[in-house]
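Could you look at this predicted model? Sequence included:
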Amino acid sequence: MEKIDLACIIDDDPIFVFGAKRIMEMAHFCEDFLVYSNGREALDKLKVMIEAGEKIPDIILLDINMPILDGWGFLDEFTQIPIEKKITIYIITSSIDPADTQKVKYYEDVSNYIIKPITAEKLKKILSENTKD
Amino acid sequence: MMCAIFKRKGRQLCYFAEEMIASSKQPKFLYISSIVTLGVGLIVLFGWFLGSEVITQLIPGMPSMKFNTALCFVLLGASSLFFSFPKKINRSIGGTLIGIGLIISFLTLFEHILGQNLGIDELFFPDFIQEDDKSHPGRMSAATAICFILCFLPLASMPFKKMKKVQAAAQITLHITILIASVSVFSYLLFVPTSARLTVFESMAIHTSLSFLLYSISLSFIQTEFGFFSLFTGKKKGDRLARILFFRILVLIILLSGIQLLILHYKFINTAFSIALFGVVFVWICLALVRSMSNAINKVDSAKMLVEKDLQKSKSFLEAIAASLFVVDLSGNIQDQNQNALTQFGYSVGELEKKPISTLIPQLFGIDVRSPTEAFLDAFKTSNHHIQSRQVAVRKNGEEFYASTLVSQAMFDGENYLIVNLQDLTAHEALESQLNLNVEKLNTAVEFFQIGFWEYDVLLNNLSWGKSMYNVYNLKMEDFTGDFEAWERSLHPEDLPIANQEFAKALSGEKDFNTSFRVIGSDGQIRHIRAKAKVFHNDEGKPIRVLGTNWDITKEKEAELAIEKSNERLQIFIEQAPSAIAMFDTQMRYLSASQRWISDYGLEGRKILGVSHYTVFPEIGDDWKEIHRACLAGAISAVDEAEFKREDGSTQWLSWDVRPWYTLEGEIGGIIMNTANITAQKENIRQRLQVENILDKTNQIARTGTWEMDLIHNTVIWSKMVKQIHEVPDDFIPELASGISFYKEGLSRDAITKAVTKCVETGQPFDLELELVTAKGNGIWVRAIGDSDTGASNPSKIFGIFQDITERKKDELALNYMLTISNDQNERLRNYAHIVSHNLRSHSGNINMMLELIAETHPTWTEEEMFQMLQVSSSQLRDTITHLNEVVAIGGTVDENLLQINLRKSIDACIGQISGTAIDAKVEIQNLVDENISILGLAAYVDSMLINLISNGIKYRSNEVKSFVRIDARHVDNHVEITVEDNGIGIDLKRHGDKLFGMYKTFHGNKDARGIGLFITKNQIEAMGGSIHVASIPNKGTTFTITLTYGEN
């Protein structure tokens, strides 16, 4: 199984981030990680990286409920940035709010909407989806 | 034979003499004779000079021509010479000479009478001695003197030719002279000795006598009209015969006298006897001569009689002429006229003799001209020797009348005469004026009626047109070639064959020519022509001539066509008219009826044309009949509405208009009835009133009023209720401005102003709920609904409903308030729930994740009981949170998100999901739901509900029977009843009924029972607007019945 080169996790819950990273490592999900604690930070940093021409992540796991700039806000701005590379975005959230589940349909860039907790199974599934592409 | 020779010779001589005489002309004759006389005289004078006896005596022993005689002869000759050249000088000289001669003669005569010697006898020369001495020497014989006098006098009278009496006298004197001279000559011829003669003749010499004879004869010829010298000059038969006779008698006398003398001389016969013999012979010969004469005369006479007869015949023919005939000479005087002329002009015979014709016909030769002028006579040459004119003739009594005169020329006897033929035109005139009048009438008629006349000569194929024909055909005279083909060319090609046919039929005598056809004029316009003609045949019945008329009937034709068309149109119009119209004649029979009429009165399929109205509708009352009668007389009846009971008992309401219609001539041709069946309208009106009534009552109850605003007149009308709502008195007159002022200032007033303005401008309707302050100061809520009459811009009227909704509004506001609060609360709750659940989920999820990681990282810890319990707690925590989420998620009713879900498909999907479980459990799941049934619901909830119920059915199966779970559905009204039936262990409802749908209540030992499945299911169903019920018998089975809204296909 191939690995994804660079994955990005945007979530404000450190425990989840820790757990997610651990699971990904154990599953050999990807080579490297980028972690941002909220949308604003992620956006700013990623912008810089894109403009600098540095390596950008192949896959982003995005949380919705975050301070400063939540997942939707991030998405709104991120999708405006012209990027050559196809980045797969997954929304991983605890929210089962129908409003959110509905909203995700308006964002074509979002591949899937995954509800926490995340398991190794789910991660493997994501991986298989993305490496087959 | 001797007589014949004699006669011939005599005749010849006579003719010769005639010719001589005829060819003589007055002056010439005189001239010759005067020269002769003069010559003789001069010779004798010369003889006396010479003293010659021969000349003077001629025969010796005879008396000589005396000197005076010779002289007088000279004078005579000279004077007559002078006279023959008429000049004044000559005349005076001649006169003088005559005078001298006369003096001499008279003197001599006096000598003889007085017996005295005046000494003139031998004035110049002495006379010769004569035998006889009785005479006076040198003296003219008395006879000579007398003769001279008688010769001189006529000569002297020559200038006085005009006086007829003088001429007559002169002629007589000449005749006497001839007599005397001839006696003398005769006596010489008969050798009568001088002494035997009368003394008066004594000394008349032979040449004297001869000269006298000659001279007097010749002079006599000058005036042949007097005396008997016409005998020698006359050309008439009588004259001729006389001449012949005279010469014959002359010769006879001379012969007989000669014979007598001979006999006497030789004394053959006794003197007396010889005389007697002489006499008898003379008489006999004379008789013979006279006889021949009379024969000739008789011939002449009979010829004359014949001529006379002819003349008489001619004359009687002439007299028979109704006209007056005048013979007029070139001086313009009437020479002769016929009897008719006398009677016509009222003159008696002889009165017109020599009268000028201008007395009778004043202007025959011209105005104030009595005799024919050169111009007039010239006219003869140019006008074929006749001059015709119309003249005014005057009768003797002065009466004037019109006459037609024909003047012609005639020559007679060397003279030109004019023959005037006059016809009284009075009758003619009358006829003519009548004719003129008729012609005028005809022409007027022709012109007025545009009638053309034509004539066709069949044999020559010559068609001649009168002037009017060109007008009728509108052709130019130049374009018409005058043959039959020319006429054919002018006809309209379509009508030509028929016209030709008709003409051929007319010519053959089959029928009269009476037809009509179209012609194309030179302007291209088409005219309708009517043609009539009469064919004339000769004795064999062949047509030789056709006389015909054509006249223009274009206008009539067009009018006819127009009438036909208009009648057609009228019929069609009536039939097609959208209203019920029928047309009747004066007998009330149908002439035409519109479709509407037929359908309105239920007359479909019935024949009504020509049928009386009263036959079609026998139930028509007298009141109607009266109306019809009045309208047939000219009245108009128009009524807005009236009842009419039909035969079948039904009542109709009608409005009608009945009026007469007029023919072209202005007569009433019948009536037209225009009816409208207003029964339906009446019914509508009744219903409307009813509705209005109900509406009013309803409005009263609902406290709803109506208002209206007329934008043209700028008036506002409020119904009573509106006024009540506004709490204004009933007599309050509303206006737009005042009306708006009632509204509460602020939002309400702004809103209504805007809405009304918009409605007025664009016709947009409005429906607003606004606050209003009544006249009494009460604050109320009103609903103002407005609309325009046109629905588009610039309406003329806006109107609407006005409702007091205060109570409702209060309730509404309260309700809204409540709703708002509860919504807020719900919202809060939901938010809370979401937040809480989200965070709880995050944390519980994290715990789970960590535990998993630990299990992975430190597998040995999983054997630890406490670790295992920790894991269980964590998952239980997660489940609880999940359930909590589920419950919270249901929230309130979600009508707006309900979708149509096909029940059968959903059930099949659920069956698919749990098929594994079902097979393991050996439970048969039956889906008996009809595929056409749909429900309104949320897919998630429906699925969850179905799975829950089916799973329960599987879970709580009985092992003793063949287990099944049966799902069926029934469409009842607007709902679907779904039944999920199983034959499992059932539920004791008495004991557990109220706990069944509770939360966390389990009553089975079944480890799968979570306790909240039915709770959630119930909530979900109720969230979808449905309900759930259960029926169960322990150890038999359970049936859940779910009622949900039917989903329209």
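Structure's in. What do you need? Numbering: from 1, shown residues only, chains lettered A, B, ... in the order given.

Find me the pLDDT at B:I608, would you?
B:I608 is assigned 84 on the pLDDT scale.

Give me the pLDDT for the nearest residue to it once chain neighbours are set aside.
Once flanking residues are discounted, B:I608 sits nearest to B:Y590: 4.6 Å by Cβ to Cβ, 6 or more residues apart in numbering or on different chains. Every C-beta, even on glycine, is put in place using the N, C-alpha and C of the backbone. In this model, B:Y590 is scored at 90, pLDDT.

cool, and the one 5 residues further on?
In the prediction, the pLDDT value recorded for B:Q595 is 86.

Now chain A against chain B: closest residue?
Closest approach between chain A and chain B, counting by Cβ to the nearest Cβ: A:P117, at 3.4 Å.

that's a helix at that residue, yeah?
No. Assigned with DSSP: H, G, I helix; E, B strand; the rest coil, A:P117 falls outside any helix and is coil.

which stretch of helix or strand covers the closest residue to it other than its chain neighbours?
Leaving aside its sequence neighbours, A:P117 sits nearest to B:G845 (Cβ to Cβ, 6+ apart; 3.4 Å). According to DSSP states H and E, B:G845 maps onto helix B:806-857.

and the angle from the next helix or strand after that helix to helix B:806-857?
With elements assigned by DSSP H and E, the helix or strand that comes after helix B:806-857 is helix B:865-890. Helix B:865-890 runs at 160 degrees relative to helix B:806-857, counting by axes from the mean of the first three to the mean of the last three Cα atoms, to 10 degrees.

Could you list the buried residues of helix B:865-890?
Within helix B:865-890, the residues that count as buried by 16 or more other Cβ atoms under 10 Å in any protein chain shown are B:867, B:871, B:874, B:877-878, B:881, B:883-890.

Those residues into CSV, with extra columns for pLDDT and distance to B:K962?
Shown next, in CSV, are these (pLDDT from 0 to 100; distance: Cβ to Cβ, whole Å):
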residue, pLDDT, distance to B:K962
B:F867, 89, 45
B:Q871, 87, 40
B:S874, 87, 41
B:L877, 85, 41
B:R878, 82, 38
B:I881, 79, 40
B:H883, 75, 34
B:L884, 74, 39
B:N885, 72, 39
B:E886, 73, 34
B:V887, 72, 36
B:V888, 68, 41
B:A889, 67, 38
B:I890, 70, 36
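
elements contacting the helix holding B:G845?
helix A:14-27, strand B:779-788, helix B:865-890 (3 or more Cβ pairs under 8 Å, 6 or more residues apart in numbering or on different chains; DSSP states H and E).

Give me the residues contacting stretch A:66-84.
Applying Cβ atoms under 8 Å, 6 or more residues apart in numbering or on different chains, the external contacts of stretch A:66-84 come out as A:10-12, A:37-43, A:46-47, A:50, A:56, A:62-65, A:89, A:91, A:93, A:103, A:107, A:109-110.

Try it again at 7 Å.
Contacting residues not belonging to stretch A:66-84 are listed as A:10, A:12, A:38-40, A:42-43, A:47, A:50, A:56, A:62-64, A:91, A:103, A:107, A:109 [Cβ atoms under 7 Å, 6 or more residues apart in numbering or on different chains].

Is it correct that A:Y113 is in contact with A:I91?
Yes. Between A:Y113 and A:I91 there is a contact under Cβ atoms under 7 Å: 4.9 Å.

Which residue of those two possesses the greater neighbour count?
Each of A:Y113 and A:I91 has its neighbours counted (other Cβ atoms under 10 Å in any protein chain shown); A:I91 has more, 25 against 17.

and the residue of the stretch 701-850 of chain B nearest chain A?
B:G845 (3.4 Å).

hang on, that residue packs against A:K116?
Yes. Applying Cβ under 7 Å, one finds B:G845 in contact with A:K116, separated by 4.4 Å.

rewinding a little: okay, and the common contacts of A:Y113 and A:I91?
Listed as contacting both A:Y113 and A:I91 by Cβ under 7 Å, 6+ apart are A:V104.

Which residues of chain A lie near chain B?
Within chain A, the positions near chain B by Cβ under 7 Å from any Cβ of the partner chain are A:13, A:15-16, A:19, A:22-23, A:26, A:65, A:94-97, A:116-117.

now those as CSV including pLDDT and neighbour count?
Formatted as CSV, those follow (pLDDT from 0 to 100; neighbours: other Cβ atoms under 10 Å in any protein chain shown):
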residue, pLDDT, neighbour count
A:D13, 88, 20
A:I15, 87, 15
A:F16, 87, 24
A:G19, 85, 23
A:R22, 84, 17
A:I23, 82, 22
A:M26, 81, 14
A:N65, 86, 19
A:S94, 80, 26
A:S95, 76, 23
A:I96, 73, 18
A:D97, 74, 21
A:K116, 78, 25
A:P117, 74, 23
